[in-house]
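**Student:** kindly return the folded structure for what I paste below:
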Amino acid sequence: MRFARFSCLALLVGLSFAAQARMVHRPVAWTLDGTHFKSVLVYDDAGAVKRPALVMVPNWYGVNDAAIQKADMIAGKDYVILLVDMYGENVRPQPGHADQAQAATKPLYGDRALMRKRINEALAQLKAQAGRAPIDTGKLAAIGFCFGGTAVLDLARSGADIAAVVSFHGGLATDDPALSRNIKARVLAMNGANDKGTMPDADRFMAEMRASPADWEFVVIGNAVHCFTEVGENSPGCKYDPRAAARSYRLMQDWLRAAFSGTP
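**Tutor:** Residues are numbered from 1 along each chain as shown. Down below sits the predicted model:
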């Protein structure tokens, strides 16, 4: 009987602890070149144990509820994630309005130096959160989706001192292939074989990576088109693919674990 009472008490304590644990969504704001940015720090507050931290750049719709849900899923109990605002707090393309998203990304695609400056500032802001969130500053990486994949590849090209970069169906082109010589991070890029927007640049991207000192992989996922991790997308050229998404997330986890542990 005493054992039964103890077991019940332990179960109640465990349930109480689980109920108290929650995903934190904390605004992180900064100003760069007169533009105000508002990003979101995402992590599970179940414990204070330090964990790896990721800069995460969402697709071209930017910081919104869907991007936060994706950050929740990836962070879990494993990572602290800074979901990055690349546009400025007053630019928030509405989901489904591709014209607004295209207008938001145009200045950054047109000025890749500006893109690199903004994503490097985001990395600095993530590091600055170490005193307020359970971040292991010795284990930093960046992940990005679609436009965000382009941004994190440019972070790698800028020579950022991070362990890894992972790009999901991101743009592969660069304004300066010689920048690849600066890469310190391990680079993983994953694109759909039928992605008509990014795959035309595949050969140039691989040539760029071959000329770099990077430990890199370029994974082409068969039968997938653009947007394969983007839940809800269902057009011929931009379509969610649960099989490709699950496979790419497993590859990401393996890549990050190896990078953080320093193993091949």
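**Student:** and Val57, what are its bridge partners?
**Tutor:** Val57 has these beta-bridge partners by DSSP bridges: Gly144.
**Student:** who's in contact with it?
**Tutor:** Neighbour list for Val57: 84, 86, 119, 122, 142-145, 147-149, 151-152 [criterion: C-beta atoms under 8 Å, 6 or more residues apart in numbering]. C-beta coordinates here come from the backbone N, C-alpha and C atoms, glycine included.
**Student:** residue ranges with poor pLDDT in this protein?
**Tutor:** 1-21 (pLDDT under 70).
**Student:** all helices for it, in order.
**Tutor:** Remark: helices assigned in the chain by DSSP state H are 2-20, 65-75, 98-110, 112-128, 147-157, 202-210, 242-261.
**Student:** out of these, deepest packed?
**Tutor:** Comparing the helices of the chain by mean neighbour count (mean count of other C-beta atoms under 10 Å), helix 147-157 comes out on top with a mean of 28.
**Student:** quick check: Leu83 touching Ile68?
**Tutor:** Yes: with contacts counted by C-beta atoms under 8 Å, Leu83 reaches Ile68, the gap being 6.4 Å.
**Student:** which residues do the two both contact?
**Tutor:** By C-beta under 8 Å, 6+ apart, the residues touching both Leu83 and Ile68 are 40, 42.
**Student:** ok, back up a step: so which of the helices of the chain is nearest Ala164?
**Tutor:** With C-beta to C-beta, the closest approach to Ala164 among these belongs to helix 242-261: 3.7 Å.
**Student:** which helices and strands sit right next to the closest one?
**Tutor:** strand 51-57, strand 135-145, strand 164-168, strand 186-192, strand 216-221 (3 or more C-beta pairs under 8 Å, 6 or more residues apart in numbering; DSSP states H and E).
**Student:** show residues contacting that helix.
**Tutor:** Counting by C-beta under 8 Å, 6+ apart, 52, 54, 74, 139, 141, 143, 163-164, 166, 168, 185-186, 188, 190, 192, 217, 219, 221, 223-224, 228-229, 264 sit against helix 242-261.
**Student:** what about burial for those residues, which qualify?
**Tutor:** The neighbour count (16 or more other C-beta atoms under 10 Å) marks 52, 54, 74, 139, 141, 143, 163-164, 166, 168, 185-186, 188, 190, 192, 221, 224, 228-229 as buried among the contacts of helix 242-261.
**Student:** quick one: contacts of stretch 188-201?
**Tutor:** With C-beta under 8 Å, 6+ apart, stretch 188-201 has contacts from 149, 153, 164-173, 202, 205, 216-226, 228, 237, 241, 244, 248, 251-252, 255.
**Student:** kindly format the C-alpha coordinates of stretch 120-132 as CSV.
**Tutor:** What follows is stretch 120-132, C-alpha atoms only, in CSV (Å, rounded to 0.1, in the frame of the first residue of the first chain):
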residue,chain,number,x,y,z
ASN,A,120,25.2,38.1,-38.8
GLU,A,121,23.5,40.6,-36.5
ALA,A,122,20.9,38.0,-35.7
LEU,A,123,23.6,35.6,-34.8
ALA,A,124,25.1,38.2,-32.5
GLN,A,125,21.7,38.7,-30.9
LEU,A,126,21.3,35.0,-30.3
LYS,A,127,24.7,34.9,-28.5
ALA,A,128,23.6,37.9,-26.4
GLN,A,129,20.7,35.9,-25.0
ALA,A,130,23.0,33.4,-23.3
GLY,A,131,22.6,35.0,-19.9
ARG,A,132,18.8,34.8,-20.2
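**Student:** outside of it, which residues touch it?
**Tutor:** Counting by C-beta under 8 Å, 6+ apart, 28, 30, 32, 37, 39, 41, 53, 55, 57, 80, 82, 84, 86, 135, 137, 140, 142, 155, 158, 160, 162 sit against stretch 120-132.
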